[in-house]
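[1] model the following, please.
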Amino acid sequence: MASGDGSTALLRNSLSEAGFHTYPASLGRNLTISRAKFASLEAMLDRMVQAEGKKAVLLGWSLGGFYARVLAQRHPSKVKLVATLGTPFSGDRRANNAWRIYEMIADHNVHSPPLPDDPAVKPRAYTIAFWSPVDGIVSPASARGTETERDEAVELPFRHFELGCSRRSIRKVVETLGNRLSVIDTA
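    Numbers count the residues shown, from 1 in each chain. Next comes the predicted model:
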């Protein structure tokens with residue numbers, strides 16, 4: 001929330017070095033959920049899948065995880081794996097320390113986003129919820145989800161703003177994604 005592609009540059013570069021083909025969201029500052037931004041991401045997903053010739057791996061940090069999960073829900077034939085980093089997708093949307101700021105910036109209540117989809121519903125793709133017990137912004141339970149809402153929960157002992165830009169956190173994310181994809185690809 002309130003950041004853009006610059007904040008994920010190290011994460012994308014690290015994934016690229018590990019052999020992933022990465023794409024920035026190219027949405028400008030991510031301030032709120034909007035139908036227009038979601039439509040842009042749907043078009044990008046189409047381009048990615050066509051360019052790569054295979055299903056996509058989606059990774060969303062914080063608010064970006066809402067988009068990643070909903071994209072995976074709506075386009076199951078295009079997504080192999082969806083991972084979220086500190087995304088409050090589960091439980092009460094006010095079980096975090098950013099909902100008041102979000103409502104001040106957004107043109108809607110956290111319980112009435114412009115997309116009708118419920119990000120807590122598990123997509124058909126394999127799902128990993130990266131969460132932190134010391135996040136400070138998002139409650140651990142909201143980011144971890146329940147066993148029926150994700151396939152795997154991976155603890156990262158970092159603050160919310162470190163999840164996608166701390167080298168130690170990124171190392172764990174890249175390692176986890178690589179390991180899970182090798183298992184999924186051989187299954």
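[2] ranges for the strands of this protein?
    56-61, 79-85, 126-131, 152-155 (DSSP state E).
[3] CA atoms only for the shortest one - export them in PDB, please.
    Included here for strand 152-155 are C-alpha records, laid out as PDB according to Å, rounded to 0.1, in the frame of the first residue of the first chain:
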ATOM      1  CA  GLU A 152       1.100 -23.600   3.100                       C
ATOM      2  CA  ALA A 153       2.000 -20.900   5.600                       C
ATOM      3  CA  VAL A 154       5.700 -19.800   5.900                       C
ATOM      4  CA  GLU A 155       6.800 -17.700   8.800                       C
END
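[4] buried stuff in it?
    153-154 (16 or more other Cβ atoms under 10 Å). Glycine gets a C-beta too; all of them are placed from N, C-alpha and C.
[5] returning to what we had before: for the strands of the chain, could you give me CSV that also reports mean pLDDT?
    Converted to CSV, the strands of the chain look like this (pLDDT from 0 to 100):
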stretch, mean pLDDT
strand 56-61, 93
strand 79-85, 97
strand 126-131, 97
strand 152-155, 98
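[6] I'd like those as CSV, with distance to residue 186 appended.
    Formatted as CSV, these follow (distance: least, Cβ to Cβ, whole Å):
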stretch, distance to residue 186
strand 56-61, 16
strand 79-85, 13
strand 126-131, 13
strand 152-155, 17
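[7] between these, which one is closest to residue 8.
    Among the strands of the chain, the nearest to residue 8 by Cβ to Cβ is strand 56-61 (6.6 Å).
[8] coming back round to it: ok, which of the strands of the chain comes nearest residue 91?
    Comparing these by their distance to residue 91 (Cβ to Cβ), the top pick is strand 126-131, with 12.1 Å.
[9] how far does the closest one sit from the chain's center?
    9 Å (Cα atoms, centre = their mean, to the nearest Å).
[10] could you list the low-pLDDT ranges of this protein?
    Scanning the chain for pLDDT under 70 picks out 1-7, 26, 28-32, 108, 187.
[11] now do the longest helix seen in it against strand 126-131, angle only.
    Secondary structure assigned by DSSP state H gives helix 167-186 as the longest helix of the chain. Put simply, helix 167-186 runs at 170 degrees to strand 126-131, going by axes from the mean of the first three to the mean of the last three Cα atoms, to 10 degrees.
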